[in-house]
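Visitor: Generate coordinates for the sequence data below:
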Amino acid sequence: MQYISTYKSPIGEILLAADEIGLTGLWFDGQKYFAHNLDSAHEEKDLLVFEDVRKWLTIYFAGRKPDFIPPLHLIGTPFQISIWKLLQQITYGQTTTYGELARKIAREKGLAHMSAQAVGGAVGHNPISIIVPCHRVVGSDGSLTGYAGGVDKKKYLLSLEGIRLKNQTDVLIF
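Guide: Numbering: from 1, shown residues only. The predicted model follows:
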C-alpha cells in the first residue's frame, strides 16, 4: 500500500508518496510523469518518512545541503534503478552530463558503449525528484536539457545549490 502527502515548496506544491519501505515518489504538481508509479489504491496518511522528507526539503530549500537522506524505495526497471543510484552520487553543488553517466554505467556493466539517450530516458523517469538529483544532469555543452518538473524549476534548483553554468544568464555564473 502506498500513502501520500504534500509539501509546499517555494516553487510549487510537491506530492510525496511512500510505502512501508520508504519514499517512492516526489513530484512537482503537473510535472511530466506525475505520480507515474503511484498505486491507484493509495491513501493520504502522515508517515514518519514524510516528516523526514519535509525536514530534508526544508533544509534544502533554505539553501543548505541536508546531512541525511530519508529512506527511499526506488521502483523501476533494473536499468532505471542503476541510473538513479548513479544520480545519488552526484555531489550537491556539482553537475554531470548524460554522456558521463552513460560512460560510467557502461564501465560498471562491462560494456563498450551505452547510449546517452537511454540514460536520459531513465533520468527523465526518476520518480524522486530533488532527493535523487536528476536536476544536476546537463547536456554535454552545459545546456539545461529537459527536466520533468520543468526547466524553470531546474534552473531554480541549480541556482539554489550555487551551480553556475555557461550559456545560462539566469543561473549564477562563476
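
Visitor: Let me know the pLDDT of residue 163.
Guide: Model confidence at residue 163, given as pLDDT, is 89.

Visitor: May I have the phi/psi pair for it?
Guide: Listed backbone geometry of residue 163 is phi -80, psi 130, with angles given as degrees, to the nearest 10.

Visitor: Could you shift the numbering so residue one becomes 42, and keep it that way?
Guide: In the new count, where the first residue is 42, that last one comes out as residue 204.

Visitor: ok, so what distance separates it from residue 66?
Guide: In this structure, residue 204 and residue 66 are 25 Å apart, going by Cβ to Cβ, to the nearest Å. To be clear about C-beta, it is placed using only N, CA and C from the backbone, and glycine gets the same treatment.

Visitor: ok, now residue 45?
Guide: When distance is defined by Cβ to Cβ, residue 45 is 8 Å away from residue 66.

Visitor: Kindly report the same for residue 129.
Guide: Distance, residue 129 to residue 66, by Cβ to Cβ: 16 Å.

Visitor: Same drill for those two, tell me which one is more crowded.
Guide: Residue environment comparison for residue 129 versus residue 66 gives the larger neighbour count to residue 66, 26 against 13, counting by other Cβ atoms under 10 Å.

Visitor: secondary structure class for that one?
Guide: Using DSSP: H, G, I helix; E, B strand; the rest coil, the three-state assignment for residue 66 comes out as strand.
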